[in-house]
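Colleague: With the input below, show me the fold.
(4 chains)
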There are 2 protein chains.
Amino acid sequence: MRYGSGHKEETRRKILDIAGRRFRDEGIEAVGVASLMADAGLTHGGFYAHFKSKDELVATALDQSMCESSDRIFDLAEQTSDKIGTFIRAYLSPTHRDTPGKGCTFSALTPELARQDGSVRATASEALPPYLDRIGRLLPTTDPASARRQATALFSLLMGSLQLARLTEDPALSDSILESGIKAALNLVSVFEGV
Amino acid sequence: MRYGSGHKEETRRKILDIAGRRFRDEGIEAVGVASLMADAGLTHGGFYAHFKSKDELVATALDQSMCESSDRIFDLAEQTSDKIGTFIRAYLSPTHRDTPGKGCTFSALTPELARQDGSVRATASEALPPYLDRIGRLLPTTDPASARRQATALFSLLMGSLQLARLTEDPALSDSILESGIKAALNLVSVFEGV
DNA sequence: GCGTTAATATGATGATCATCATATAAACAC
DNA sequence: GTGTTTATATGATGATCATCATATTAACGC
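Modeller: A predicted model of the protein is given here:
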């Protein structure tokens, strides 16, 4: 049947939003087209009116979720005086650990993304440098090259800590992983400052 | 047909070795039973004489590969005087980056492991603390509790750096991620020492 | 050497996968 | 109001998935 104007655009956006969340929650390969469409209240057939393949959806959804996924954390950090400290604490918060579908795409999917090729891999690969530079701008460092280097190591630490905190089934260990990640990250930043 | 004694044990070992490597190279979900058996020179039917389900294979293969996957790096580190420096440099070497199938299971699979449940998840979860303690023993720190804390942050940084180095398609960026990871890790260790 | 046993092969099961052809029916143009 | 257009639904395709029943055949016990 036919729907009012703008309906298709809205459906497409809905599919993309759900895909972005479910990919982070369940992994890209684990989310099927039919299940995704059902989640959007539709049947599987209409999918190819919106995307010419699952790969195109994946690339598009990633392009969106890699930009947006950490927006709230960045927004929060950019509003405070201790920008990088706020970012570190928000990134390694229990809330972020417990809601991967709403959180950082890199922490949820990085090894799976590294195994992709074509446009999916390219999208993931190209999203990294701007993300690192965005972290770099939270640092007190003025030199962009050293900000990039510092942001790279800092983000590696944050992403690794979040992943390990999600891996363990022991809640106390999980909390302590977040805590040691925060401490080390703050240490790392202060060491940067001293150099 | 029937085979000589010991043949079945050897086949089982072969399946486990290939599974451990391929899971790290391709992801757990991406490796099918039939393709795995073909890789071992067998057909799919015999699989269930060795494992009662794919999940049992996954748990068993992970149990093996999480112990063994970093053995060479640990062995190398434990033989040198600068144990932790050697470990850091070996973990973040281009060789390790380029051969995930022979490398650290955590760095290859962590987010996918965190999404599992049952015995697979339990195996992954239980392998983490001994791994962290093994790193802790490379540190100059004598107090086991603080060694554990330091090892946790250090390993987070190493794993995150390796994953990001594998993610990017830009070889120069990939190398620089390894380098900044090494520098920050060495920094982190010297900060630990100062405390 | 003959019957039993054991390791793998063959082939089938039903489920799910991405993808596509076609049907439907309501909104729009006139 | 009638006919066209369009967004989605229905249903089918062939591929692959984990799993299992059964066939094969060589090694072993006697």
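
Colleague: can you give me the helices in chain A?
Modeller: Taking DSSP state H as the test, the helices found in chain A are A:7-26, A:33-39, A:54-68, A:71-79, A:83-91, A:94-98, A:105-114, A:118-136, A:144-167, A:171-194.

Colleague: would TSV of those with mean pLDDT, mean neighbour count and distance to DNA strand C be doable?
Modeller: Bear in mind the C-beta positions are built from the backbone N, C-alpha and C, glycine included. Output for these, formatted as TSV (pLDDT from 0 to 100; neighbours: other CB atoms under 10 Å in any protein chain shown; distance: least, CB to the nearest atom of the strand, whole Å):
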stretch	mean pLDDT	mean neighbour count	distance to DNA strand C
helix A:7-26	96	18	8
helix A:33-39	97	16	4
helix A:54-68	96	20	4
helix A:71-79	94	14	27
helix A:83-91	97	22	30
helix A:94-98	98	16	25
helix A:105-114	98	24	14
helix A:118-136	97	18	12
helix A:144-167	97	24	23
helix A:171-194	92	18	29
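
Colleague: now for those, which one comes closest to residue B:15?
Modeller: For the helices of chain A, proximity to residue B:15 was assessed by CB to CB; helix A:105-114 is nearest, at 22.8 Å.

Colleague: Also compute the angle for the closest one relative to helix A:83-91, please.
Modeller: Our comparison of helix A:105-114 with helix A:83-91, counting by axes from the mean of the first three to the mean of the last three CA atoms, to 10 degrees, yields an angle of 70 degrees.

Colleague: Just checking helix A:105-114 against chain B, any contact.
Modeller: Yes - part of helix A:105-114 sits close enough to chain B to count as contact by CB under 8 Å from any CB of the partner chain, namely A:106-114.

Colleague: residue contacts, the residue lying closest to residue A:89 once chain neighbours are set aside?
Modeller: Excluding the flanking residues, the one nearest residue A:89 by CB to CB, 6 or more residues apart in numbering or on different chains is residue A:182, at 6.1 Å. By CB atoms under 8 Å, 6 or more residues apart in numbering or on different chains, the contact list for residue A:182 reads A:88-89, A:92.

Colleague: closest to DNA strand D among the residues you listed?
Modeller: Nearest to DNA strand D out of these is residue A:92 (CB to the nearest atom of the strand; 34.5 Å).

Colleague: Am I right that residue A:106 is in contact with residue A:131?
Modeller: Yes - because the distance of 7.2 Å satisfies CB atoms under 8 Å, residue A:106 is recorded as touching residue A:131.

Colleague: joint contacts of the two?
Modeller: A:66, A:155.

Colleague: And the residue of chain A closest to DNA strand D?
Modeller: Relative to DNA strand D, the nearest point of chain A is residue A:45 (1.8 Å; CB to the nearest atom of the strand).

Colleague: Would you tell me whether stretch A:68-83 gets close to chain B?
Modeller: No - Stretch A:68-83 lies apart from chain B when judged by CB under 8 Å from any CB; the minimum separation is 13.7 Å.

Colleague: What residue, apart from its backbone neighbours, is nearest residue A:21 spatially?
Modeller: For residue A:21, ignoring the flanking residues on the chain, the nearest one in space by CB to CB, 6+ apart is residue A:101 at 4.2 Å.

Colleague: can I see the domain layout of chain A?
Modeller: Each domain of chain A is listed here as a residue range: A:7-65, A:69-194, per automatic domain parsing.

Colleague: Those: which one's closest to residue B:62?
Modeller: Taking CB to CB as the criterion, residue B:62 comes closest to domain A:69-194 out of the domains of chain A, the separation being 11.8 Å.

Colleague: Is any residue of the closest one near DNA strand D?
Modeller: No - contact between domain A:69-194 and DNA strand D is absent, the nearest approach being 14.6 Å (criterion: CB under 7 Å from any atom of the strand).

Colleague: Give me the distance from that domain to the chain's centre.
Modeller: Using CA atoms, centre = their mean, to the nearest Å, we find the averaged C-alpha position of domain A:69-194 to lie 9 Å away from the chain's own average C-alpha position.

Colleague: Stretch A:43-54 too?
Modeller: Centre to centre, stretch against its chain (CA atoms, centre = their mean), the figure for stretch A:43-54 is 25 Å.

Colleague: Show me what counts as buried in that stretch.
Modeller: Of the residues in stretch A:43-54, A:47, A:50-51, A:54 count as buried by neighbour count, 16 or more other CB atoms under 10 Å in any protein chain shown.

Colleague: of all the residues you listed, which comes closest to residue B:161?
Modeller: Residue B:161 lies nearest to residue A:54 out of the buried residues of stretch A:43-54, by CB to CB, at 30.5 Å.

Colleague: who's in contact with residue A:181?
Modeller: Under the criterion of CB under 8 Å, 6+ apart, the contact list for residue A:181 reads A:92, A:157-158, A:160-162, A:165, B:152-153, B:156.

Colleague: Out of those residues, which is nearest to residue A:137?
Modeller: Of all the contacts of residue A:181, residue A:158 has the smallest distance to residue A:137: 15.6 Å, by CB to CB.

Colleague: Assess the claim that the closest one and residue A:184 are in contact.
Modeller: No - between residue A:158 and residue A:184 no contact is recorded; they are 9.7 Å apart, counting by CB under 8 Å.

Colleague: Tell me how many other residues surround the residue nearest to residue A:21.
Modeller: The number of residues packed near residue A:101 is 15, by other CB atoms under 10 Å in any protein chain shown.

Colleague: if I look at it, how far off is residue B:125?
Modeller: Plainly put, residue A:101 is 21 Å away from residue B:125 if you go by CB to CB, to the nearest Å.
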